[in-house]
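Trainee: make a model of this:
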Amino acid sequence: MCETLKIGPPRRPASPPIARIRPRESRFIVGIKMSHYQGDDGEYVADDYEAEDVDVDEEFRGADPESDVDELDMSNNRFTDTTADQARRGRDIQGIPWERLSITRGKYRQTRLEQYKNYENVPQSGEKSEKDCTVTEKGNSFYEFRRNSRSVKSTILHFQLRNLVWATSKHDVYLMSNYSVVHWSSLTGKKSEVLNLAGHVAPNEKHPGSLLEGFTQTQVSTLAVKDRFLVAGGFQGELICKFLDRPGISFCSRTTYDDNAITNAVEIYVSPSGGIHFIASNNDCGVRDFDMESFELSKHFRYPWPVNHTSLSPDGKLLVIVGDDPDGILVDAKTGKTIMPLCGHLDFSFASEWHPDGVTFATGNQDKTCRIWDIRNLSKSIAVLKGNLGAIRSIRYTSDGRYMAMAEPADFVHVYDTKAGYEKEQEIDFFGEISGMSFSPDTESLFVGVWDRTYGSLLEYARRRNFSYLDSLI
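Mentor: From the prediction side, this is the model:
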């Protein structure tokens, strides 16, 4: 019986020679983030970025029927996971049975690199950015593979927004799976539903500005989880807030009723006074700061273009704001006034993150680069780090500042040693769209959500130390 490998690129390039592309209706990626640059191009993009299946079932014909690579564990009717020990013995970390295909992993990787089409708002921005890129030493291993959990299906609703995976400890992860926020414990191997948004949700607490009628079938575009706090943002400007140690939902709000209302990013932070706040970046060109104790809107800044991501400096004084403009801005966190533009990127940006030292920060762009900036001299970036396939959609630093990770739309997460000036790199290589990534607060774990119909999963990596733990004790 033939088996099927489905690893879908997000757009329709010429198909690999071995594959038959079967157009299908996208079940998860339902939206294109339409900026103020709309029109004919918008229709083109919406059509081009339907998710697809690459059907290579023909390659399984003639495969050994006695192969011990069992994709489906019939005893519990679920896909099997891959452990670190199995990976060391040669099993593919995603469970893809390459030995039963007539194409090698290396050849398929080359095909992806040649045919994957990066989405750009500014034509050829990826090609033009190459001349500025920092030369890095690849082949390093800062985080080593621990486990691939295929029972955890991390999904995406918006192809440009990839902040849907958050770790609150080295064993606890929160992620989006269709209409549900799910908690996964890598320690127990169990998942549980934290919030179901498929039906009607409404707050069970009363706060000024909260919509007591709630929402129905909320499409979540972005997510943030920190300590015991969870905030989900929606396609229609929805904000849904929950305390993980309390039953029900605490707060529901719609930030705007504009047509272009999508919530692009949410960041939870502790203010200098010790209060818990969150910042919402919105497509209506607004940045809003909410107090999570009272859920009052404490600040509201507006900018000339849709805001895709905002990051607050560790001391709470500065904001990095990026969006639908090649130039980001550094602003005063109290007033929202621009301190300095950030010039260098060639396309729109969707990611930003501060180093814990409060001196440097990173921005990720559709020109396929991540730029590192130093607030002491913002005339140009101090490093330019390049992706392989596409835009840099997500950036994370470890809490000790030693490592920075950047995620492309698919297939690659890059980890850099900041102490080596970002010149030493680990390249984590797999197949599938990336829904998000997160370091654990103690820096010991790195989790990567992979969205794919067949091989969707949660990848888990452990920080390498001078000593190693036994797999059975992790």
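Trainee: give me the mean pLDDT for stretch 442-459.
Mentor: Average pLDDT, stretch 442-459: 96.
Trainee: buried sites along it?
Mentor: 443-459 (16 or more other CB atoms under 10 Å). Heads up, the C-betas are built off the backbone N, CA and C, glycines and all.
Trainee: start to end distance for stretch 335-345?
Mentor: 25 Å (CA to CA, to the nearest Å).
Trainee: so how far is that stretch from its chain's centroid?
Mentor: Taking CA atoms, centre = their mean, to the nearest Å, one finds the center of stretch 335-345 at 24 Å from the center of the full chain.
Trainee: buried residues in that stretch, which are they?
Mentor: Applying 16+ other CB under 10 Å to stretch 335-345 flags 336, 342, 344-345 as buried.
Trainee: tell me which helix or strand in this protein has the weakest average pLDDT.
Mentor: Ranked by mean pLDDT, DSSP states H and E, the weakest helix or strand in the chain is strand 20-23, scoring a mean of 26.
Trainee: who does Val201 bridge with?
Mentor: Phe215 (DSSP bridges).
Trainee: which ones are touching it?
Mentor: When contacts are counted by CB atoms under 8 Å, 6 or more residues apart in numbering, Val201 touches 195, 214-216, 218, 240, 249, 252.
Trainee: which helices and strands sit right next to the host helix or strand of Ala405?
Mentor: Assessed by DSSP states H and E, Ala405 sits inside strand 403-407. Applying 3 or more CB pairs under 8 Å, 6 or more residues apart in numbering; DSSP states H and E, we find strand 403-407 packed against strand 360-365, strand 394-397, strand 410-417, strand 425-439.
Trainee: among the ones you listed, which is nearest Asn466?
Mentor: Of all these, strand 410-417 sits nearest to Asn466, with 15.3 Å by CB to CB.
Trainee: what is the neighbour count of the closest residue to Cys133 other than its chain neighbours?
Mentor: Nearest residue to Cys133, sequence neighbours excluded (CB to CB, 6 or more residues apart in numbering): Lys386, at 4.2 Å. By other CB atoms under 10 Å, 19 other residues sit near Lys386.
Trainee: surely Lys386 is in contact with Thr369?
Mentor: Yes - counting by CB atoms under 8 Å, Thr369 is a contact partner of Lys386 at 5.4 Å.
Trainee: shared neighbours, these two?
Mentor: Common neighbours of Lys386 and Thr369 (CB under 8 Å, 6+ apart) are 129, 133.
Trainee: in this protein, where is pLDDT below threshold?
Mentor: 1-79, 467-474 (pLDDT under 70).
Trainee: and the longest helix for it?
Mentor: Ordering each helix of the chain by length in residues (DSSP state H) puts helix 105-115 first.
Trainee: hmm, back to that, do you know which of the helices and strands packed on strand 403-407 lies nearest Arg112?
Mentor: It is, among the helices and strands packed on strand 403-407 and with distance given as CB to CB, strand 410-417, at 6.4 Å.
Trainee: residues touching Val448, list them.
Mentor: By CB under 8 Å, 6+ apart, the neighbours of Val448 are 165, 407, 413, 428, 430, 434, 436-437, 458-459, 461.
Trainee: again, only using 7 Å
Mentor: 413, 428, 434, 437, 459 (CB atoms under 7 Å, 6 or more residues apart in numbering).
Trainee: likewise for Gly344?
Mentor: Counting by CB under 7 Å, 6+ apart, Gly344 has contacts 371, 380-381.
Trainee: pull out the buried residues from the residues you listed.
Mentor: 371, 381.
Trainee: for the contacts of Gly344, give me JSON lines that also has secondary structure and distance to Tyr116.
Mentor: Output for those, formatted as JSON lines (DSSP: H, G, I helix; E, B strand; the rest coil; distance: CB to CB, whole Å):
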{"residue": "Arg371", "secondary structure": "strand", "distance to Tyr116": "22"}
{"residue": "Lys380", "secondary structure": "coil", "distance to Tyr116": "29"}
{"residue": "Ser381", "secondary structure": "coil", "distance to Tyr116": "25"}
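Trainee: what's the closest of the contacts of Val201 to Tyr174?
Mentor: Leu195 (9.3 Å).
Trainee: the closest one in helix, strand or coil?
Mentor: Following DSSP: H, G, I helix; E, B strand; the rest coil, Leu195 is assigned to strand.
Trainee: that one contacts Lys242, correct?
Mentor: Yes - if you go by CB atoms under 7 Å, Leu195 and Lys242 touch, sitting 6.1 Å apart.
Trainee: Serialize the helices and strands packed on strand 403-407 to JSON lines and add fields for distance to Asp92 and mean neighbour count.
Mentor: Listed next are those as JSON lines, based on distance: least, CB to CB, whole Å; neighbours: other CB atoms under 10 Å:
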{"stretch": "strand 360-365", "distance to Asp92": "28", "mean neighbour count": "26"}
{"stretch": "strand 394-397", "distance to Asp92": "24", "mean neighbour count": "25"}
{"stretch": "strand 410-417", "distance to Asp92": "14", "mean neighbour count": "23"}
{"stretch": "strand 425-439", "distance to Asp92": "9", "mean neighbour count": "23"}
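Trainee: tell me where the stretch 251-400 of the chain has strands.
Mentor: Under the criterion DSSP state E, counting those that start in this stretch, the stretch 251-400 of the chain contains strands at 251-254, 263-270, 276-282, 286-291, 297-302, 307-312, 318-323, 325-332, 338-342, 349-354, 360-365, 369-374, 383-386, 394-397.
Trainee: can you list the strands that the last one pairs with?
Mentor: By that I understand strand 394-397. strand 403-407 (antiparallel).
Trainee: how far out from the middle of the chain is the strand it pairs with?
Mentor: Per CA atoms, centre = their mean, the centroid offset for strand 403-407 relative to its chain is 11 Å.
Trainee: again with stretch 224-231
Mentor: 16 Å.
Trainee: contacting residues around it?
Mentor: Under CB under 7 Å, 6+ apart, the answer for stretch 224-231 is 166, 168, 174, 181, 239, 241-245, 266-268, 276, 278, 292.
Trainee: and for stretch 290-298?
Mentor: 207-210, 229, 241, 251, 275-278, 288-289.
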